[in-house]
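K.L.:
Structure, please.
(2 chains)
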Amino acid sequence: MNTSTEEMWDIELTPHGSLFDLKLKDIWHYRDLLILLVRRDFVSFYKQTILGPLWFFIQPLFTTIIYTFIFGNLAAIKTDGLPQPLFYLAGITAWNYFADCLTKTSSVFTVNAGLFGKVYFPRLIVPLSIVVSNLIRFAVQMAMFFLMMGIYMAKGANVHPNIYLLLFPFLLLLMAMLGLGLGMIISAMTTKYRDLSFLITFGIQLMMYLTTVIYPLSVVKEKYPHYQWVVEYNPMTPIIEVFRYGFLGEGTFTMLSLGITSVITVAILLIGIVIFNRVERTFIDTV
Amino acid sequence: MPPVIKAENLSKAYQLGEIGTGTLSRDLERYWAKIRGKEDPFLKIGEVNDRTKKGQSDVVWSLKDINFDIEQGDAVGIIGKNGAGKSTLLKILSRVTAPTTGSVKLKGRIASLLEVGTGFHPELSGRENIYLNGAILGMRKAEIKRNFDEIVDFSGVERYIDTPVKRYSSGMYVRLAFAVAAHLEAEILIVDEVLAVGDAEFQKKCLGKMGEVSKGEGRTVLFVSHNMASISQLCNKAILLNNGKLDYFDYAASTINEYLKTDNSQAEAIFKANKSLSMSVLSASLINKDGKKSSEIALQSNFTIKVTYQVNTPQRDVICAVGIMHQGTPINTTWTEPATLQEGIYHTYFQMDLLHLAIGTYTIGIGLSIGKSNIQYIGEALIFTIELDRLSDSTIVSYEANTGLLINQMKFETIKDNEANF
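P.N.:
Purely as a prediction, here's the structure:
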């Protein structure tokens, strides 16, 4: 009776899409948009500022100084024998990348509601562009870290870069995936329950204290052997420990802990993408 | 022509009221119903979406069981009152939101222009925004580059192309935005009331471009507007939506007529007295040549528009005016001589016997003013139709509006030129 069922249709809009349809083909088609969004973020970041891209340096630099003063000198937390500023800067640089990806991704739907409400493009492009544009900022901060490392090494400090340095790209990928995955889960939920956007700001801060940013894992193991698992199974901990070990020569991790982190990260990312894809279809009705 | 858009039982439900408070318990209730295999408890009551009436449930069907096929190359207007579901339909077609039930099938790339300038970043220059906006609308960079000069040329803002768009006037902003969208190489183009902005010259340019797109290039255009003039100018077909249902789908002219007729074709309109104004319109009515109230006027016959208004405080220079419009295009306006009026109720009779309107649906607007300052204006106070009188002979001349809104004939004379050599 219906002859048109045999015809070829390019797009079919239905109430529910398939769960694992990641629209990779669509995303590939929109790859130029990704690049342009990254450019927009970068340019608009320092437009009408005097210091411009210098702001990329200022924030981690001052945080390092303050951490050195409070946690290093006042609280006298050990740093595995590493120079304190270098120890904190390594933690801050890595943590910042993860935290930036997470916070910015988590507000994707609410911030872009106006845009998403008007025109269709694969929504996943926006979180991806966030991860990429944060990469620029991360690269600048890494440059500062290398500079500081060079200064300390020239002074003959106890810093020993080693072969684990080669894991760096992998660590970066893990951080991006983890930030993206968690961010997407939260962003999907904030469209309905705005409470989560309040939670995220101090949630990230709390999570930082459960990660080995201001203290090494070895200290936790020594002082709180009963609670160390909280810190140890935090997926960010092995990433930062390996990062520190590779560049500075001190850090506590096993290949197993890094493996567990990788598995958790991939799982979170997959859950994130599935939830994100489900919500993007109708979020505009509830946002 | 094969269909390029096919909607089947398309419906969309919206939740009314506050979203956020109490949604968690509601969501849990929904989820509970779902795992038991029951129907969604909040979608049960299927009500007609009439915004003027208070409904029973919190869920309203913005679109209900819409079916249609749109063929390639058609320019389809979508008309209906506010809240009829026009924007919802466009949102589903442009993939901004998913339908609640039913489906839409599309052939080819689809580009939507629900609001021009979406994604423009104020800090970026016009040039950068062309690329960004183009990419958001689905163009590849190479595609934009190829069309870049044409886009700039069409927008007419060449001089400002390297200035941040936050320095643009709103007109320039819209011009640039429309120019980008107009050069999209998509097979289906969706446009929502963009022409409400920009000056007359640019509006004409946009309409021209859209006509070119659908007629010349065989692309399909969907166009939502309240302006019947631009719908009839641009579209060959039109869909009439009413309370979320598809009422009528035919050639543009007949759909527009249907819309104006179903709307509220009326011979008399009563208005609420407004004591806060110095004077206000109380009622208006249309009287045919037999002295009876009627919304149907026979072709070529005289009719009278009666306006009743009250003057609350004594006024000088009172002017009452009526205007006749056809699908948004004014045909004529008549003003009374300025008069000094004491408080009280007045009737003004406007008798039409000079112009003869062609067959079609017309609206009447009424205005009251004191000197040059407007006191009250009612845009569509009355709606009436001019119908063919059985006695009129329509074999020689056409009385339809497509040969002109007025059927008055000019005086003419044919003489032989005796001096010319033939």
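K.L.:
all helices for the stretch 1-150 of chain B, in order.
P.N.:
With helices called from DSSP state H, counting those that start in this stretch, the stretch 1-150 of chain B shows them at B:23-35, B:86-93, B:126-136, B:141-155.
K.L.:
Output the ones you listed in JSON lines; the columns should cover distance to chain A and mean pLDDT.
P.N.:
Where you see a C-beta, it was placed from the backbone N, CA and C, and this is true even at glycine. Output for these, formatted as JSON lines (distance: least, Cβ to the nearest Cβ, whole Å; pLDDT from 0 to 100):
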{"stretch": "helix B:23-35", "distance to chain A": "6", "mean pLDDT": "70"}
{"stretch": "helix B:86-93", "distance to chain A": "6", "mean pLDDT": "87"}
{"stretch": "helix B:126-136", "distance to chain A": "4", "mean pLDDT": "90"}
{"stretch": "helix B:141-155", "distance to chain A": "4", "mean pLDDT": "90"}
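K.L.:
which residues does the residue in the stretch 151-287 of chain A that chain B sits nearest to contact?
P.N.:
Residue nearest to chain B within the stretch 151-287 of chain A (Cβ to the nearest Cβ): A:Arg281, separated by 4.1 Å. Neighbouring residues of A:Arg281 by Cβ atoms under 8 Å, 6 or more residues apart in numbering or on different chains: A:16-17, B:97-98.
K.L.:
out of these, which are buried?
P.N.:
Among these, those classed as buried by 16 or more other Cβ atoms under 10 Å in any protein chain shown are B:97-98.
K.L.:
which one of the contacts of A:Arg281 is nearest A:Phe109?
P.N.:
B:Thr97 (12.9 Å; Cβ to Cβ).
K.L.:
mind listing what's buried in stretch A:51-71?
P.N.:
Those buried within stretch A:51-71 under the rule 16+ other Cβ under 10 Å are A:56, A:60-61, A:63-64, A:67-68, A:71.
K.L.:
what's the closest of those residues to chain B?
P.N.:
A:Phe56 (17.8 Å).
K.L.:
excluding its backbone neighbours, what's nearest the closest one?
P.N.:
Sequence neighbours aside, A:Val140 is the residue nearest to A:Phe56 in space, at 4.3 Å (criterion: Cβ to Cβ, 6 or more residues apart in numbering or on different chains).
K.L.:
Can you report how many residues lie near that neighbour?
P.N.:
17 (other Cβ atoms under 10 Å in any protein chain shown).
K.L.:
B:Asn312 now?
P.N.:
15.
K.L.:
would you turn the contacts of A:Arg281 into a markdown table with pLDDT and distance to A:Thr191?
P.N.:
Shown next, in a markdown table, are these (pLDDT from 0 to 100; distance: Cβ to Cβ, whole Å):
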| residue | pLDDT | distance to A:Thr191 |
| --- | --- | --- |
| A:His16 | 75 | 17 |
| A:Gly17 | 70 | 17 |
| B:Thr97 | 86 | 12 |
| B:Ala98 | 87 | 14 |
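K.L.:
Between the contacts of A:Arg281, which sits nearest B:Lys275?
P.N.:
Distance to B:Lys275, by Cβ to Cβ, is smallest for B:Thr97 among those, at 44.7 Å.
K.L.:
With chain A as the reference, measure out to that closest one.
P.N.:
5 Å (Cβ to the nearest Cβ, to the nearest Å).
K.L.:
Next, format the helices of the stretch 1-150 of chain B as CSV and append mean neighbour count.
P.N.:
Output for the helices of the stretch 1-150 of chain B, formatted as CSV (neighbours: other Cβ atoms under 10 Å in any protein chain shown):
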stretch, mean neighbour count
helix B:23-35, 12
helix B:86-93, 24
helix B:126-136, 24
helix B:141-155, 16
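K.L.:
Of all these, which one is nearest A:Asn158?
P.N.:
Evaluated with Cβ to Cβ, those place helix B:126-136 nearest to A:Asn158, the distance being 48.2 Å.
K.L.:
Check which helices and strands the closest one sits against.
P.N.:
Packing contacts for helix B:126-136, counted by 3 or more Cβ pairs under 8 Å, 6 or more residues apart in numbering or on different chains; DSSP states H and E, involve helix A:31-46, helix B:141-155, helix B:170-182.
K.L.:
Turn the helices of the stretch 1-150 of chain B into TSV, including distance to B:Thr340.
P.N.:
TSV is the format used below for the helices of the stretch 1-150 of chain B (distance: least, Cβ to Cβ, whole Å):
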stretch	distance to B:Thr340
helix B:23-35	62
helix B:86-93	47
helix B:126-136	56
helix B:141-155	52
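K.L.:
so which of the ones you listed gets nearest B:Leu341?
P.N.:
Across those, B:Leu341 has its closest neighbour in helix B:86-93 (42.9 Å, Cβ to Cβ).
K.L.:
got the contact list for that closest one?
P.N.:
For helix B:86-93, the external contacting residues (Cβ under 8 Å, 6+ apart) are A:13, A:117, A:284, B:5, B:10, B:12, B:14, B:62-63, B:66, B:78-80, B:97-99, B:104, B:106, B:110, B:112, B:114, B:190, B:192, B:222, B:224, B:241, B:244.
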